[in-house]
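Undergrad: I'd like to go over a predicted model; first the sequence, then the structure.
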2 protein chains.
Amino acid sequence: MGEFELIRHYFAAAACAQAVDGVVLGIGDDCALLQVSAGEQLAVSTDTLVAGVHFPAGAPGELLGQRALAVAVSDLAAMGATPLAFTLALTLPEVSPDWLADFTAGLERMARQCGVGLVGGDTTRGPLSLTLTVFGRVPAGQALTRAGARPGDLLCVGGALGNGAGALPFVLGERAEQPGSAALLAHYWSPAPQLQLGQALRGVATAALDISDGLLADCGHIARASGVALFVEQQRLPLSAALLACTDNDDAALQLALGGGDDYVLAFTLPAEKLDALRAMGQPVQVIGRVEAGQGVHLLDARGRAIEPRHSGYQHFGTHRD
Amino acid sequence: MGEFELIRHYFAAAACAQAVDGVVLGIGDDCALLQVSAGEQLAVSTDTLVAGVHFPAGAPGELLGQRALAVAVSDLAAMGATPLAFTLALTLPEVSPDWLADFTAGLERMARQCGVGLVGGDTTRGPLSLTLTVFGRVPAGQALTRAGARPGDLLCVGGALGNGAGALPFVLGERAEQPGSAALLAHYWSPAPQLQLGQALRGVATAALDISDGLLADCGHIARASGVALFVEQQRLPLSAALLACTDNDDAALQLALGGGDDYVLAFTLPAEKLDALRAMGQPVQVIGRVEAGQGVHLLDARGRAIEPRHSGYQHFGTHRD
């Protein structure tokens, strides 16, 4: 048995690879078998993280394990799906038992947090990269897509913006620790997929996604898919407190919140009359703008005047960029 | 829009990414949505191919595209599943339109051959590698696993052995073309997943897998999972005619058939009384041995005497090794 086959056995023994509801057959055969109940559909998403592109090559295994899974599961949250399982394709330049133990610990923690089981994958030798494919269940016809926003809807986000972009200089070691940087790093390495919010948005939101490319870029995805215009009111954006603590001025923080990626909070549209019920459920909802007939994403100042974003929101930014 | 986002649009426009039965939502949202009918389970398998490890770094895109998908779909065949969809995580060091067009053409051809639709993935910059996750449907409880072989069963394979290992020196350019080499290369670059055979084996075979690690190694997987001994009768092995044409002597071919991987024909066990019906259906079935109580894989010569395999069947071999 080669070392990489040993690793596969190692993953098969992980707690998150044991009996999971909805998993008929897990690691160890040619395929895993998933059970999807009548009336449900299966949501599927694939994410690749490459060392030196999406994370620093020397990133601690534990942080990498938890972040990789969180980033992938966030796509399930964005569809309103309930996480079920994931596969992990791990390519490693060499086998370091310590690194693997750390990596698995991080993976385990996030798997438990998200309620998702490891059901298969592949372990190969090569330059460090990870591809995770995640599976979730969603009642047929109730998945949240990007395509249903309607003129008159409110535009909302599920939490603070700018943590991902704010964390980057600290992740890359370009800036020394300071007040707020620990909170930014925690957000970066352990984003919390907004699963409960996503599920609460089923039948409520008209469009949704998770903010990975940056607020303006992701709003652009909704605008295009729905064939509408989105108006973002700049002064209503909930800027990350940790980001504000780490930036010289509020405007710098604002630009990072608009253009930076990797926040993994949900952005969504909904009819105004749905707002109170959602807030009464205790869901975090921040109205940041509205949907109108038209196209594109339009940024408004406090007086409702159009502003040209300085940061191009249509370019990838941060570690999520290609 | 960055070049890698353009690539995603390119894949979204591919024929194999268009309407596919069972795919509710394809490329372009946070997740794809798959429909699994009541009474069916979803089979899932993930395979990674890394340049320089699993294929030559300079491999033509078209050949790589069709081989990568075929290798992944072969795992669906091994479960008796009907292919439904796949995701593609493609990591590229640079964007070459010609290479991408070639790659997509190969992917398209194999997707059409296997009846499988592209529903998502990720495209990133980095050292060339591919991770494919394939999805298939199988009636609940009827998937073929490795775990059901019973003493008294026959051990069978679905086709000629040794094509994968025989092709390697030609793939790697270590040997010049010769009679038989073109057929070996065709097998290597375009393996045909035995989907019909796998589906015909539902309710018939007691255990099954596809031969990727090599006959003896893969028989070892069945023996372990089923808790039985497998006896392989050496003289009954269907050696690839192309391999025989390219090897100096029959014994060299035999050793490649026993220890080499990448054949992607099915190996399976079944009760003897099922054999005739399967053959009457026109399915390719070659009996190569039998299942007995015990453990391990045992190679027998023409007189039924145990032989020590010279090639260790328990090590990965060929491009499939780690």
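TA: Thanks, I have it.
Undergrad: show me the shaky parts of the stretch 201-322 of chain A.
TA: Low-confidence segments of the stretch 201-322 of chain A (pLDDT under 70): A:309-322.
Undergrad: which parts of chain A are strands?
TA: For chain A, the strands defined by DSSP state E occupy A:23-25, A:32-35, A:40-50, A:82-92, A:117-125, A:129-139, A:154-157, A:207-210, A:229-233, A:266-270, A:286-292, A:296-300, A:306-307.
Undergrad: what's near enough to touch residue A:301?
TA: For residue A:301, the contacting residues are A:234-235, A:307, by CB atoms under 8 Å, 6 or more residues apart in numbering or on different chains. For glycine as for every other residue, the C-beta is placed from the backbone atoms N, C-alpha and C.
Undergrad: do the same with residue A:242
TA: When contacts are taken as CB under 8 Å, 6+ apart, residue A:242 is in contact with A:163, A:166, A:180-181, A:183-184, A:187.
Undergrad: go again using 7 Å as the cut-off
TA: The neighbours of residue A:242, taking CB atoms under 7 Å, 6 or more residues apart in numbering or on different chains as the test, are A:163, A:166, A:180, A:183-184.
Undergrad: go on, residue A:105?
TA: Contacts of residue A:105 were listed using CB under 7 Å, 6+ apart, and they are A:62, A:65.
Undergrad: I'd like the distance between residue A:133 and residue B:103.
TA: Going from residue A:133 to residue B:103 by CB to CB, to the nearest Å gives 20 Å.
Undergrad: looking at these two, which one has more neighbours?
TA: Neighbours per residue, other CB atoms under 10 Å in any protein chain shown: of residue A:133 and residue B:103, the larger number sits with residue A:133, 29 against 25.
Undergrad: show me what that one is bridged to.
TA: Beta-bridge partners of residue A:133, counted by DSSP bridges, are residue A:46, residue A:87.
Undergrad: mind listing the helices for the stretch 201-322 of chain A?
TA: In chain order, the stretch 201-322 of chain A shows helices spanning A:215-226, A:241-246, A:250-259, A:275-280, with DSSP state H, counting those that start in this stretch as the criterion.
Undergrad: just want the angle from the third one to helix A:215-226.
TA: Interaxial angle of helix A:250-259 relative to helix A:215-226 (axes from the mean of the first three to the mean of the last three CA atoms, to 10 degrees): 30 degrees.
Undergrad: by contact count, what packs against helix A:250-259?
TA: In this structure, helix A:250-259 packs against helix A:215-226, helix A:241-246, with contacts taken as 3 or more CB pairs under 7 Å, 6 or more residues apart in numbering or on different chains; DSSP states H and E.
Undergrad: out of those helices, deepest packed?
TA: Burial among these, expressed as mean neighbours by mean count of other CB atoms under 10 Å in any protein chain shown, is greatest for helix A:215-226, which shows a mean of 23.
Undergrad: ok so, going back, as JSON lines, the strands of chain A with distance to residue B:22 would be great.
TA: Conversion of the strands of chain A to JSON lines gives the following (distance: least, CB to CB, whole Å):
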{"stretch": "strand A:23-25", "distance to residue B:22": "18"}
{"stretch": "strand A:32-35", "distance to residue B:22": "14"}
{"stretch": "strand A:40-50", "distance to residue B:22": "10"}
{"stretch": "strand A:82-92", "distance to residue B:22": "18"}
{"stretch": "strand A:117-125", "distance to residue B:22": "20"}
{"stretch": "strand A:129-139", "distance to residue B:22": "15"}
{"stretch": "strand A:154-157", "distance to residue B:22": "33"}
{"stretch": "strand A:207-210", "distance to residue B:22": "24"}
{"stretch": "strand A:229-233", "distance to residue B:22": "33"}
{"stretch": "strand A:266-270", "distance to residue B:22": "27"}
{"stretch": "strand A:286-292", "distance to residue B:22": "32"}
{"stretch": "strand A:296-300", "distance to residue B:22": "34"}
{"stretch": "strand A:306-307", "distance to residue B:22": "45"}
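Undergrad: those: which one's closest to residue B:64?
TA: Across the strands of chain A, the minimum distance to residue B:64, taken as CB to CB, is reached by strand A:117-125, at 15.3 Å.
Undergrad: for that closest one, packing partners?
TA: When contacts are defined as 3+ CB pairs under 7 Å, 6+ apart, strand A:117-125 sits against helix A:3-12, strand A:82-92, strand B:40-50.
Undergrad: same thing but at 10 Å, please
TA: With contacts defined as 3 or more CB pairs under 10 Å, 6 or more residues apart in numbering or on different chains; DSSP states H and E, the secondary structure elements packing on strand A:117-125 are helix A:3-12, strand A:23-25, strand A:32-35, strand A:82-92, helix A:97-114, strand A:129-139, strand B:40-50, strand B:129-139.
Undergrad: which non-adjacent residue is nearest the closest residue to chain B within the stretch 151-300 of chain A?
TA: In the stretch 151-300 of chain A, the residue that lies nearest chain B is residue A:209 (5.4 Å; CB to the nearest CB). In space, and not counting its chain neighbours, residue A:209 is closest to residue A:78: 4.9 Å by CB to CB, 6 or more residues apart in numbering or on different chains.
Undergrad: contacting residues around the one you found?
TA: With contact set as CB atoms under 10 Å, 6 or more residues apart in numbering or on different chains, residue A:78 has these partners: A:43, A:45, A:143-146, A:193-195, A:197-198, A:201, A:208-212, A:218, A:264, A:266-268, B:29-31.
Undergrad: one more time with 7 Å, if that's ok
TA: Residues counted as contacts of residue A:78 (CB under 7 Å, 6+ apart) are A:144, A:198, A:208-210, A:266, B:30.
Undergrad: rebuild those as a markdown table, extending it with distance to residue A:255 and neighbour count.
TA: Output for the contacts of residue A:78, formatted as a markdown table (distance: CB to CB, whole Å; neighbours: other CB atoms under 10 Å in any protein chain shown):
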| residue | distance to residue A:255 | neighbour count |
| --- | --- | --- |
| A:144 | 28 | 30 |
| A:198 | 28 | 30 |
| A:208 | 24 | 31 |
| A:209 | 21 | 24 |
| A:210 | 21 | 26 |
| A:266 | 22 | 30 |
| B:30 | 25 | 27 |
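Undergrad: just the closest of these to residue B:37, please.
TA: Proximity to residue B:37 was ranked across the contacts of residue A:78 by CB to CB; first place goes to residue A:144, at 23.2 Å.
Undergrad: skipping adjacent residues, who's closest to the closest one in space?
TA: residue A:208 (3.9 Å).
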